[in-house]
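A.B. asks: I would like the atomic coordinates for the input below:
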Amino acid sequence: MVKSLNKYIERGHFIFKSGDILSEVCNSPRNCSGLYMIYGYKSKIKELIYIGISGRKGGDGNIKHRKDGLRGRFLTGKQFGNRRQLSWPLQMKVDKLDKIEIHWFVTHGKYNNDFPRDVEISLLQDYLVANGRLPLWNKEI
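C.D. replies: Got it, this is the predicted structure:
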């Protein structure tokens with residue numbers, strides 16, 4: 001599953017712990033679209049818990065980048081009913097996660113032109129087939 005992401009040249013990762021300030025640890029870029037995968041650590045065991053995207057296909061068939069790109073998806077986007085800076089630490093506590101590791105990939109930018117949703121669906125389907133369920137924080141495909 002993750003092997004297919006090796007073709008994306010623009011990529012990176014960062015770690016977030018409950019006491020961190022998300023804007024300080026986040027190193028994802030603006031002005032581009034892509035996919036991200038969140039891994040949760042529980043007692044040193046690493047597990048994929050979420051696959052998400054930033055950017056979508058517009059009505060004209062072209063990419064519609066979020067105005068603040070992947071970075072904005074993390075810093076101003078919401079998950080679990082609130083901004084991630086607030087909701088992630090709470091959800092991490094509920095799920096007993098020590099930290100989360102976010103890997104991001106620019107799927108539609110300078111070097112690649114894959115629509116994030118297409119890549120996301122493929123990865124979620126592969127995960128579902130391999131595990132019989134979606135990642136912990138994903139609700140549906």
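
A.B. asks: quick check: pLDDT value at Lys3.
C.D. replies: Per-residue confidence at Lys3 stands at 67 (pLDDT).

A.B. asks: pLDDT weak spots in the protein?
C.D. replies: 1-3, 141 (pLDDT under 70).

A.B. asks: which one in it is furthest away from the centre?
C.D. replies: In the chain, counting by CA atoms, centre = their mean, Asp60 sits farthest out from the average C-alpha position, at 25.2 Å.

A.B. asks: quick check, central residue of this protein?
C.D. replies: Tyr36 (2.6 Å).

A.B. asks: one step back: quick check on the residue farthest from the centre of the chain: phi, psi?
C.D. replies: Dihedral pair for Asp60: phi -90, psi 0, per degrees, to the nearest 10.

A.B. asks: how close does it sit to Asn112?
C.D. replies: Using CB to CB, to the nearest Å, we find Asp60 at a distance of 20 Å from Asn112. Where C-beta positions appear, they are placed from N, C-alpha and C, glycine not excepted.

A.B. asks: ditto for Val119
C.D. replies: 10 Å.
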